[in-house]
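Prediction below, plus the sequence it came from.
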Amino acid sequence: MIEFRDVHKSFGSLEVLKGINLKIEKGQVVTLIGPSGSGKSTILRCMNLLERPTSGQVLIAGKDITAPKTDIQGIRKNIGMVFQHFNLFPHMTVMENMTYAPIRVNKLSKDQAEQKAMELLKLVGLTEKAQSYPGKLSGGQKQRIAIARALAMEPEIMLFDEPTSALDPEMVKEVLEVIKGLAHTGITMALVTHEMGFAREVSDRVCFIDNGLIVEDADPAEFFSHPKSERAQNFLDMVL
Ligand SMILES: Nc1ncnc2c1ncn2[C@@H]1O[C@H](COP(=O)(O)OP(=O)(O)OP(=O)(O)O)[C@@H](O)[C@H]1O
């Protein structure tokens, strides 16, 4: 579903990705972990070309999205993304936030889009907030809405870039529960997270990134109990 072939990315003279090779199969849940600045978010952002690789290829469902003249908007429709900061439109109600793109991009009628939005609000436990403005919601609620909004486009792929890092500790759980509920429902998921318990419990695979490379790509139980590299061991000693 997602494939990286020798992906490099530089910002000026700083080479941030140094040859990433990665395959994520349809329906898999893959977590990227590693030290700050190692390139995790950049890998995720190359999956929908928010960052364009300097060289190498990114394939989505077999299609090379790094090729010239790719219909990137068409591809992005199929890839939901949830960021650390929720990015909801502050001047729109929750319902308007959730129906905006489905009406304009997926050409749903207002009724269809609202019906779909209500189903998703139910999924994230926030039906009573449909007419609220984001400013009236807690951080955890905003992030659950952001997830529901991404799902409203019915994407086959969901990318999560540190979805709980900006939340107060008491709100982390409610957001992780929602993400957990999506795992293994058929959606292909890639996550950058510092929540090691979550990575261990929910992922099919954990990729340990260090200094722009995938140092380990392993089964979570194996990775957390017996990391192969000294770098991963040192990292786990710091964070666990
Ligand atoms: N748009 C950009 N312009 C310049 N440098 C960038 C840009 N985006 C990222 N970088 C640099 O690339 C490196 C990798 O960043 P990235 O955000 O991918 O790391 P990360 O592993 O996700 O880190 P963190 O866990 O701290 O979010 C960092 O040194 C960062 O400063």
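That came through, no problem.

Please identify the buried residues of the helix or strand of the chain with the lowest mean pLDDT?
None of the helices or strands of the chain scores lower by mean pLDDT, DSSP states H and E than helix 72-76, at a mean of 88. Within helix 72-76, the residues scored as buried using 16 or more other CB atoms under 10 Å are 75, 76. Using the backbone N, CA and C atoms, a C-beta is placed for each residue, glycine as well.

Put the alpha carbons of that helix into CSV.
Taking Å, rounded to 0.1, in the frame of the first residue of the first chain, the C-alpha atoms of helix 72-76 are listed here in CSV:
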residue,chain,number,x,y,z
ILE,A,72,-1.3,14.6,-5.9
GLN,A,73,-4.7,16.1,-4.9
GLY,A,74,-6.4,12.9,-6.1
ILE,A,75,-4.0,10.8,-4.0
ARG,A,76,-4.2,13.0,-0.9
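
which residues touch it?
Contact partners of helix 72-76, identified using CB atoms under 8 Å, 6 or more residues apart in numbering, comprise 48, 49, 60, 63, 65.

which one among those residues gets closest to residue 3?
Closest approach to residue 3 among these (CB to CB): residue 60, at 8.0 Å.

which residues touch the closest one?
Neighbouring residues of residue 60 by CB under 8 Å, 6+ apart: 1, 2, 3, 47, 75, 78, 79, 157.

Quick check: it vs residue 91, distance?
Shown here: residue 60 relative to residue 91, a distance of 32 Å by CB to CB, to the nearest Å.

Run the chain-centre distance for stretch 130-139.
22 Å (CA atoms, centre = their mean, to the nearest Å).

hang on, the earlier thing: name the next helix or strand following the least confident helix or strand of the chain along the chain.
strand 79-82 (DSSP states H and E).

Can you name every helix or strand that that following strand contacts?
If you count contacts as 3 or more CB pairs under 8 Å, 6 or more residues apart in numbering; DSSP states H and E, strand 79-82 packs onto helix 139-151, strand 157-161.

Between these, which one is closest to the ligand.
When the helices and strands packed on strand 79-82 are compared by CB to the nearest ligand atom, strand 157-161 sits nearest the ligand, at 7.7 Å.

Quick check: the residue located most distally from the centre of the chain vs residue 96, distance?
Relative to the centre of the chain, and counting by CA atoms, centre = their mean, the farthest-placed residue is residue 111 at 28.3 Å. The gap separating residue 111 from residue 96 is 14 Å, by CB to CB.
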